[in-house]
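got a structure for you, letters missing:
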């Protein structure tokens, strides 16, 4: 299979302790790595994403996997290497941070869904979140200083909310559940308004995820390759699958899809490719190493010492 290859430069930007480094590691290695420590200056990592193209039709991996085998054969694979620069968020690195936007194709700005884990009231939760979001405009300036990259906004640490809701429901504390639900709605509304105000690329529902638990990263679904059933029955959620009888479960295969964070990232990669910011080069795998050929040396290049 001929695969096109493309390299994009990505900047992870945002204040300290929002989870930029742990997100980069989860994307690179697929796991949460605790106690990474403070990022000094910037960190570097890379990961591979895949996009699929047919004429002017671009698909993310999530969209591609939902096609039949026959339809998949019509698409060409584009392998995209993301070289990620993880910007250290400390104020002491400001002069260094100003140069991190050079050559950036795509920027991801991070805020914390919960920045005060001890907050007991809605007002306390809102105050901490808005403080995290208020620091983003400065990072937008850094990302846009040298180029005009596509920029998105994501909220990390949503697991702290979902876990609190789970515990509150278990304890029968409906007031706490309402408070946390209202808070989540407030975060989404505020993030959406912020993105619109600053011209950021975002889906209709703001991205809330957890680098720690993987919530918002991956989604487990079940697939049945049977053209005789309705399309909506070929792909079902894990919840629907569990409700099926043992007999009805036969023929379904478990699949793991990219969820909000990764699918949004892939959508942005598609936008970069479509805007022709980078041109993919067709290569065969394994790629052949080009042999170095020395330049031809003309006689006129030599000095005639005997004639001097």
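Structure's in. What do you need? Keep in mind that what you see is a predicted model, and the values were worked out from it rather than measured.

quick one, helices of the stretch 151-300 of the chain?
Remark: helices assigned in the stretch 151-300 of the chain by DSSP state H, counting those that start in this stretch are 159-171, 174-197, 231-234, 238-243, 246-249, 260-274.

Contacts for stretch 203-216 next, please.
19, 22-23, 25-26, 32, 113, 152-159, 162, 184, 187-188, 191-192, 195, 217, 259-261, 264, 267 (CB atoms under 8 Å, 6 or more residues apart in numbering). The way it works is simple: take the backbone N, C-alpha and C, and place the C-beta from them, glycine included.

How are the strands of the stretch 1-150 of the chain distributed by residue range?
Using DSSP state E, counting those that start in this stretch, the strands of the stretch 1-150 of the chain run over 3-13, 42-54, 57-59, 76-87, 106-112, 150-156.

Now mean pLDDT too, for those strands, in JSON lines please.
Shown next, in JSON lines, are these (pLDDT from 0 to 100):
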{"stretch": "strand 3-13", "mean pLDDT": "87"}
{"stretch": "strand 42-54", "mean pLDDT": "84"}
{"stretch": "strand 57-59", "mean pLDDT": "91"}
{"stretch": "strand 76-87", "mean pLDDT": "90"}
{"stretch": "strand 106-112", "mean pLDDT": "92"}
{"stretch": "strand 150-156", "mean pLDDT": "93"}
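
looking at those strands, which is closest to residue 254?
strand 42-54 (20.2 Å; CB to CB).

Residues touching the closest one, excluding its own?
The set of residues external to strand 42-54 that reach it, using CB under 8 Å, 6+ apart, is 21, 24-25, 27-28, 58-61, 63-64, 72, 74-88, 93, 96-97, 100, 265-266, 269-270, 273.

Can you list the strands that it pairs with?
Paired with strand 42-54 in the same sheet, following DSSP bridges, are strand 57-59 (antiparallel), strand 76-87 (antiparallel).

would JSON lines of the ones you listed with mean neighbour count and distance to residue 236 be doable?
Below are the strands paired with strand 42-54 laid out as JSON lines (neighbours: other CB atoms under 10 Å; distance: least, CB to CB, whole Å):
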{"stretch": "strand 57-59", "mean neighbour count": "17", "distance to residue 236": "21"}
{"stretch": "strand 76-87", "mean neighbour count": "19", "distance to residue 236": "27"}
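
So for residue 10, which of the ones you listed sits nearest?
strand 76-87 (4.7 Å).

What is the distance between the closest one and the centre of its chain?
Between the centre of strand 76-87 and the centre of its chain there are 10 Å (CA atoms, centre = their mean, to the nearest Å).

could the strands paired with strand 42-54 go into TSV alongside distance to residue 134?
Below are the strands paired with strand 42-54 laid out as TSV (distance: least, CB to CB, whole Å):
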stretch	distance to residue 134
strand 57-59	35
strand 76-87	17
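
and of the ones you listed, who's closest to residue 109?
The nearest among the strands paired with strand 42-54, by CB to CB, is strand 76-87 at 10.1 Å.

angle of the closest one against strand 3-13?
For strand 76-87 against strand 3-13, the angle by axes from the mean of the first three to the mean of the last three CA atoms, to 10 degrees is 20 degrees.

Pull the distance from stretch 128-146 to the chain's centre.
Centroid displacement of stretch 128-146 relative to its chain, using CA atoms, centre = their mean, is 18 Å.

Which parts of that stretch count as buried, going by neighbours?
Residues of stretch 128-146 classed as buried: 128, 129, 132, 133, 135, 136, 139, 140, 142, 143, 144 (neighbour count, 16 or more other CB atoms under 10 Å).

Isn't the fourth one up against residue 113?
In this case it means residue 133. No: with contact defined as CB atoms under 8 Å, residue 133 does not reach residue 113; the gap is 10.0 Å.
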